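Q: Sequence unavailable; structure follows:
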């Protein structure tokens, strides 16, 4: 059964990574996959965070400050607990050069789950809770970042899918815990979800 699942995973990987490879994607996917390392994106992200803190009201401040424990917990849970337990090697370290279209550095990390998927789906889930109107946009962006990891050749599709599920669950837990704690201990700052 495990061998069959790996064969399916590999077939889907090769479809995205090899069959769909093209010059436009070869320029787009590497840029997107590491967007958080690009200065224009960093400036925009910091600007959004500062706007939430300064002008976003109670809801904005809550979302901004919840990002800190959310990203810490999701990244630590993914990178330091699940990855060592699963101990899956990245496809770029396993497959022969003719089986993979590698367009970024492979890196030395483990494969499951994709931390990019964990973190981006965690953020998307948290923002979707407080800002339902942007839910399609933030989830679409998280999906593109997660699938970019397959296109560039450093993760299997199941790594991205697993990361998406884990990030979503971690975010829901963080939001639920904060909702309970703030309602009980900090009623003056408790915030209900925007229903719009």
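A: Done, it's in. Just so it is clear, the structure is predicted and the values come from calculations on it, not from any experiment. Numbering: from 1, shown residues only.

Q: what about the helices in this structure?
A: 2-14, 23-33, 39-55, 57-76, 83-86, 91-94, 115-130, 135-151, 157-185 (DSSP state H).

Q: show me where pLDDT drops low in the chain?
A: The model of the chain has pLDDT under 70 over residues 186-196.

Q: ok, residue 103 to residue 145 distance?
A: 15 Å (CB to CB, to the nearest Å). C-betas here are computed from N, CA, C, even on glycine.

Q: the more surrounded of those two?
A: Legend: neighbour count by other CB atoms under 10 Å for residue 103 and residue 145, higher for residue 145 (25 against 17).

Q: and the closest residue in space to that one that isn't next to it in sequence, what does it touch?
A: In space, and not counting its chain neighbours, residue 145 is closest to residue 120: 4.7 Å by CB to CB, 6 or more residues apart in numbering. Contacts for residue 120 (CB atoms under 8 Å, 6 or more residues apart in numbering) come out as 141, 142, 145, 146, 167.

Q: I'd guessed the second one sits against residue 118; true?
A: No - between residue 142 and residue 118 there is no contact under CB atoms under 8 Å: 9.9 Å.

Q: So for these two, which residues contact both of them?
A: By the contact definition CB under 8 Å, 6+ apart, residue 142 and residue 118 are jointly contacted by 164, 167.

Q: Tell me, how many residues neighbour the closest residue to residue 32 other than its chain neighbours?
A: Counting by CB to CB, 6+ apart, residue 32 lies nearest to residue 148, which is 4.9 Å off, once chain neighbours are set aside. Residue 148 has 27 neighbouring residues, counting by other CB under 10 Å.

Q: can you check the one 4 residues further on too?
A: Counted with other CB under 10 Å, the neighbours of residue 152 add up to 23.

Q: just residue 54 next, same as before
A: The number of residues near residue 54, taken as other CB under 10 Å, comes to 11.

Q: Now do the same contact list for it.
A: Here residue 54 is in contact with no residue (CB under 8 Å, 6+ apart).

Q: Would you quantify the distance from it to residue 39?
A: 22 Å.

Q: show me the residues around the residue nearest to residue 32 that make contact.
A: Listed by CB under 8 Å, 6+ apart, the contact partners of residue 148 are 29, 32, 33, 116.

Q: what do you get for residue 163?
A: 78, 113, 114, 115, 116, 117, 118, 121, 146 are the contacts of residue 163 under CB under 8 Å, 6+ apart.

Q: what's the answer for residue 49, then?
A: Counting by CB under 8 Å, 6+ apart, residue 49 has contacts 64, 67.

Q: give me that answer again for 10 Å
A: 56, 60, 63, 64, 65, 67, 68 (CB atoms under 10 Å, 6 or more residues apart in numbering).

Q: Next: residue 35.
A: 41, 42, 44, 45, 116, 120, 141, 144, 145, 148 are the contacts of residue 35 under CB under 10 Å, 6+ apart.

Q: Equivalent analysis for residue 166, please.
A: 74, 77-78, 82, 112-115, 117-119, 121-122.

Q: cutoff 8 Å now
A: Here residue 166 is in contact with 74, 77, 78, 82, 113, 117, 118, 121 (criterion: CB under 8 Å, 6+ apart).
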